[in-house]
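Engineer: The amino acid sequence is not available; the structure is as follows:
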């Protein structure tokens, strides 16, 4: 029985895969609106839901896609869940200058 060798993905192909995930996550108007809001400040989930006029379930689905692409992160403070943008390294970005 012949062994099949699996070729390890090159660093370039891993970068391309990540870029493709990011581009796919941008392919929705609601997600672009979410990113626009998060570009200005961090948002509590319920406030963002109200701002966008979408259901909690819909917001959750969109944020899950953005999180999977490494663009958005969440943090919990008590009962509140905050959404924020992440930088290219997956780290929470610094707040914008006022």
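Structural biologist: Good, I have the coordinates. Fair warning: this is a prediction, and the values are worked out from it, not measured in the lab.

Engineer: Only C-alpha atoms from now on, for both contacts and neighbour counts.
Structural biologist: Fine.

Engineer: what's the average pLDDT for stretch 86-93?
Structural biologist: Averaged over stretch 86-93, pLDDT sits at 57.

Engineer: Please apply the same query to stretch 36-45.
Structural biologist: The pLDDT scores in stretch 36-45 average 95.

Engineer: How is residue 73 assigned, secondary-structure-wise?
Structural biologist: strand (DSSP: H, G, I helix; E, B strand; the rest coil).

Engineer: which residues does it contact?
Structural biologist: 67, 83-86, 92 (C-alpha atoms under 8 Å, 6 or more residues apart in numbering).

Engineer: so what's it bridging to?
Structural biologist: Using DSSP bridges, the bridge partners assigned to residue 73 are residue 84.

Engineer: And it, how close does it get to residue 10?
Structural biologist: 27 Å (C-alpha to C-alpha, to the nearest Å).

Engineer: And residue 43, by the same measure?
Structural biologist: Counting by C-alpha to C-alpha, the gap from residue 43 to residue 10 is 37 Å.

Engineer: between those two, which one's more packed in?
Structural biologist: residue 43 (20 against 9; other C-alpha atoms under 10 Å).
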